[in-house]
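**Student:** need coordinates for the following:
(chains A, B, C and D)
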Protein chains: 2
Amino acid sequence: MGSMLGLERQRLLLQHLRARGSGNVVDLASALGVSPSTVRRDLRDMNDRGLVTRVHGGASVADAEIEAVLAARAAQHSDEKRRIGAAAAVDVPDGATVLITGGTTTEAMLPHLAGRERLTVLTNGLNIALGLSRCPGISTVVLGGVLRHGELSLLGPLTEQALVEFHVDVAYCSAFGIHPSAGLTGADVREAGTDRRLLQGAEHLVVLADASKIGRRGPVRLAGTARIDRLITDRAAPPEQLDALRSAGVEVQVC
Amino acid sequence: MGSMLGLERQRLLLQHLRARGSGNVVDLASALGVSPSTVRRDLRDMNDRGLVTRVHGGASVADAEIEAVLAARAAQHSDEKRRIGAAAAVDVPDGATVLITGGTTTEAMLPHLAGRERLTVLTNGLNIALGLSRCPGISTVVLGGVLRHGELSLLGPLTEQALVEFHVDVAYCSAFGIHPSAGLTGADVREAGTDRRLLQGAEHLVVLADASKIGRRGPVRLAGTARIDRLITDRAAPPEQLDALRSAGVEVQVC
DNA sequence: CACCGCCTGCTCATAGTTGCGCGATTGTGG
DNA sequence: CCACAATCGCGCAACTATGAGCAGGCGGTG
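**Tutor:** Coordinates of the predicted model:
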């Protein structure tokens, strides 16, 4: 049964997973006529690429709706994200102009920014803007743009154009993945152009990423490791990946 | 019921909880065919992730913040506003590009726009944008700008500048007041410049105003009656004011 | 034909998950 | 306020999945 290409096998795997939403390793292996080891390798690879979510015993599709809702909810209360958000917020200099990109991880910064004075926050995320609408000490500027359906972030030429008007001291962003050689990567080509531009103009770049994003590589490159000043992540992050990132010149903060 | 995946089990758990709003550990355990210990572990995990709220004996679903905000705002809408919103939404032409300014009255249009196809909506209101984020048939463009504290609308040069890029068929707006001789007026000088510009470029202008705003005059003038094509209001509006507006060339619709 | 890289499948020590029992904690009714 | 019952968290043992390492097969290349 050697006549199956790796990519073709992964495609079948994904198809099987979509049919039921999830599946365990043994069943998938017998369904495809390969060994469980191969399935594990494939699933790990697909997990790194964000196509599926690996769980003990099998995997489930990382598909838009449920996963997004789950992630959004998780973001609001998860201890890891809260800590990451707090750590990021601490070092926001008073009087600065910062950019906070849309996303669930960055949203965790908001509670810790609430009391700040003389802060200017630029954002392309409606969730961020909403959270800041009650903070009197913070001038919030929403970069315009096209709203992605199901998401709460703004994209497109309008967003990029608006940013030209400002000087950004620090950009705080999350992304699909961060990888020692690939740098900061995104999952969606349509988002990439805007995200890239958002990060380009900033004086300093700080990445907020929970452990699941460390070592993950998406299809589009947003910024090289050289551009990344700091990474804030949680304790579950694989140490060897963090070391590699440190070697690449990224200041890594684990909390 | 031999093998059950961890994530799948939690998903079922959540589903069971949503059905009744809450549930106790033993029932959930027997419903899923696992031990109470496993349910407890799952619930603790889900509690940490903010999906549910753990209480003694069981758990209840924890609703997300943003949805709660939207629901609360939706509940605030009186019958009058709902009817006004519905009447305004009916005549939005398919395939058009419309502007909906921020505000609570205009927000009432959203439920009636949900099913539309090929519609482009421009807005400077975060509440409007938020409500449209789940509508797949509508392209939503958020005009950037500075967020007013306590409000959910965007203002400033950025907003005005963004609007230049578009051709607006119809603008739907609410305001502080509408008066036969003063026209459409606003309450806040800082908002006025932006509001004026927003309405300027539109082909047609539709005003949504409940009875309390009819005949009222604010300090700043936003648009003359000649510019106003249509006014949608409710039955409590003073008829003599409506007649005067009709004489001024405004098409008045009472609902 | 030999060499080499690559993928596959197997083995095994390790890590993770599950269910049960026990003592501690919490809620409830007298 | 106390006693009782339900529930909880934790440690334990059985079981299962996992990832790393290793041998064998396949196809391309000099």
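**Student:** what about A:Val146, neighbour count?
**Tutor:** By the criterion of other CB atoms under 10 Å in any protein chain shown, A:Val146 has 19 neighbours. Bear in mind the C-beta positions are built from the backbone N, C-alpha and C, glycine included.
**Student:** was I right about A:Val207 contacting A:Thr225?
**Tutor:** No: counting by CB atoms under 8 Å, A:Val207 stays clear of A:Thr225, with 10.0 Å between them.
**Student:** spit out the residues that contact these two alike.
**Tutor:** A:Leu184 (CB atoms under 8 Å, 6 or more residues apart in numbering or on different chains).
**Student:** the more surrounded of these two?
**Tutor:** Each of A:Val207 and A:Thr225 has its neighbours counted (other CB under 10 Å); A:Val207 has more, 30 against 20.
**Student:** who does the nearest residue to the more buried one once chain neighbours are set aside form a beta bridge with?
**Tutor:** Once flanking residues are discounted, A:Val207 sits nearest to A:Leu231: 4.8 Å by CB to CB, 6 or more residues apart in numbering or on different chains. Beta bridges link A:Leu231 to A:Val207, A:Val252, judged by DSSP bridges.
**Student:** just give the closest residue to the residue in the stretch 151-255 of chain A positioned nearest to DNA strand C, not the sequence neighbours.
**Tutor:** For the stretch 151-255 of chain A and DNA strand C, the shortest gap (CB to the nearest atom of the strand) falls at A:Ala236, measuring 9.5 Å. Ranked by CB to CB, 6+ apart and with sequence neighbours excluded, the top spatial neighbour of A:Ala236 is A:Ala211, at 3.6 Å.
**Student:** just give me the neighbour total for the one you found.
**Tutor:** 17.
**Student:** show me the contacts for it.
**Tutor:** A:Ala211 is in contact with A:Glu80, A:Thr233, A:Asp234, A:Arg235, A:Ala236, A:Ala237, A:Pro238, counting by CB under 8 Å, 6+ apart.
**Student:** who wins for neighbours among those residues?
**Tutor:** A:Thr233 (28 neighbours).
**Student:** isn't that one up against A:Arg216?
**Tutor:** No: A:Thr233 is beyond contact range of A:Arg216, at 12.0 Å (criterion: CB under 8 Å).
**Student:** burial of A:Gly156, as a residue count?
**Tutor:** Once other CB under 10 Å is used to define contacts, A:Gly156 is seen to have 20 neighbours.
**Student:** now it: how far from DNA strand D?
**Tutor:** 38 Å (CB to the nearest atom of the strand, to the nearest Å).
**Student:** from A:Gly218, how far off is that residue?
**Tutor:** 20 Å (CB to CB, to the nearest Å).
**Student:** show me how far stretch A:163-171 is from its chain's centre.
**Tutor:** 21 Å (CA atoms, centre = their mean, to the nearest Å).
**Student:** so what pLDDT did the residue of the stretch 151-255 of chain A closest to DNA strand C get?
**Tutor:** Looking at A:Ala236, its pLDDT reads 80.
**Student:** now swap in the one 10 residues further on and tell me
**Tutor:** For A:Arg246, the model assigns a pLDDT of 93.
**Student:** that one sits in which helix or strand?
**Tutor:** Assigned by DSSP states H and E, A:Arg246 falls within helix A:239-247.
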